[in-house]
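Student: Show me how the following folds:
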Amino acid sequence: MLLISAIIGIYYAFAGGGQKTSKDFLMGGRSMTAVPVALSLTASFMSAVTVLGTPAEVYRFGAMFSIFAIAYTIVVVITSEVYLPVFYRLGITSTYEYLELRFNKCVRLIGTLLFIIQTVLYTGIVIYAPALALNQVTGFDLWGAVVATGVVCTFYCTLGGLKAVVWTDVFQVGIMVAGFSSVIIQAVVVQGGIGPILNDSYYGDRLTFWDFNPNPLQRHSFWTLVVGGTFLWVGIYGVNQSQVQRYLACKTIFHAKMSLYVNLLGLWAILSCAVLCGLAMYSVYKDCDPWTAKLVSAPDQLMPYLSLDILRDYPGLPGLFVACAYSGTLSTVSSSINALAAVTVEDLVKPYYQSLSETKLSWISKGTSKIRPEILFIIYNKQN
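Tutor: Sure thing, here's the model as predicted:
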């Protein structure tokens, strides 16, 4: 999986004459079509935290988490009909350019710096958390996994720019679905069909979907998941640089809108797979919880434990799930790297060095892709 991702980066470093300008590198020449961008949007925020955390959440607290699908639907409609037309007509690369147009340079700079800090911290967690979970369950070398993820992401982002990021995301979202599917199919076989899984989940109170309790302190309810989830994801899809940059790279506004609507199908598919994995996990372990039995040390390790448990007799399939988890990491990290390069060049370089040629801006863009500030977070984490 890492090798194929790297090869995609090499291909787009030379395809079509390479990344000659910062526009080619950061925006794919604004020539992308709807389907690959849609899959990239899906992969970007379906990180390894989703792959490992959502099934564990469903296993412990039930399938109510699945009504997040309603929030996704509302978010895509709002983003495509309200936010996207404004950004697309402006022809901007960084969403923070809008802040200067609407307010002033100071507000733009503050927004840029806050985005950089937030992205650095989030990306460090996205790399470190799944590496730690898989290390505890599979024996995967923790820091080897962290370094491999960082090196491969940096390699293909620096060589291939946004096109490489998008097409590696397409490949990686396929691996994510394949990894989930392998676990679901084998769990159905082990449990004797989908019926016993749903039956166990029903009698274990894991199939409760609707709760309209207005108490905001409750873990899950219609209001926290749908209303709260809508506000959360509008912030991500509507104005987050990592997402906006992708649909603004489409060649027409029609392709940009279609990328969001096709992406909605991808979000539903990933969410369905994660929820089914959680229900299957409950059916398999309803009489012996690996966490309370001290077979794992944290809930995030439940999904890797299940995959090793039920797939151990099938060579390659446990590795497919590990690749699934790391696909989630790579897709999120590569999106963050490309977004950081975009805001650095557009908000911190171009406004103050207007005489730079497009060739020099392209090299600066590639240089900023090599700078991995989230590694500072990981090193700090290791030392403490």
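
Student: Can you list the buried residues in stretch 249-257?
Tutor: 249, 250, 255, 256, 257 (16 or more other CB atoms under 10 Å). C-beta coordinates here come from the backbone N, C-alpha and C atoms, glycine included.

Student: Just name the closest of those to residue 160, please.
Tutor: For residue 160, the nearest member of the buried residues of stretch 249-257 is residue 249. The distance, counting by CB to CB, is 13.3 Å.

Student: List phi and psi for that closest one.
Tutor: Per-residue torsions, residue 249: phi -80, psi -10 (degrees, to the nearest 10).

Student: My guess is it contacts residue 32. True?
Tutor: Yes. Here residue 249 lies in contact with residue 32, judged by CB atoms under 8 Å, at a distance of 4.6 Å.

Student: Next one: residue 171 from residue 76, what distance?
Tutor: 23 Å (CB to CB, to the nearest Å).

Student: Neighbour count: the two, which is higher?
Tutor: residue 76 (22 against 19; other CB atoms under 10 Å).

Student: Let me know whether residue 43 touches residue 172 as I believe.
Tutor: Yes. With contact defined as CB under 8 Å, residue 43 reaches residue 172; the gap is 5.5 Å.

Student: Now list whatever residues contact both of the two.
Tutor: Counting by CB atoms under 8 Å, 6 or more residues apart in numbering, the shared contacts of residue 43 and residue 172 are 327, 328, 331.

Student: I'd like to know which of the residues you listed is nearest to residue 337.
Tutor: residue 331 (11.2 Å).

Student: Show me how far the helix ranked longest in the chain is from its chain's centre.
Tutor: The residue-count maximum for a helix in the chain (DSSP state H) belongs to helix 142-191. Helix 142-191 sits 10 Å away from the centroid of its parent chain (CA atoms, centre = their mean, to the nearest Å).

Student: Same check on stretch 86-106?
Tutor: Per CA atoms, centre = their mean, the centroid offset for stretch 86-106 relative to its chain is 25 Å.

Student: Now the terminal residues of that stretch, how far apart.
Tutor: 21 Å (CA to CA, to the nearest Å).

Student: Please shift the residue numbers so they start at 59 in all later answers.
Tutor: Fine by me, first position is 59 from now on; the one you just mentioned is stretch 144-164.

Student: where does the stretch 59-208 of the chain dip in pLDDT?
Tutor: 74-80, 191, 194-195 (pLDDT under 70).

Student: residues shared between the contacts of residue 307 and residue 90?
Tutor: Joint contacts of residue 307 and residue 90 (CB under 8 Å, 6+ apart) are 220, 224.

Student: The stretch 259-408 of the chain: helices as residue ranges?
Tutor: 280, 286-292, 299-305, 311-343, 360-369, 375-401 (DSSP state H, counting those that start in this stretch).
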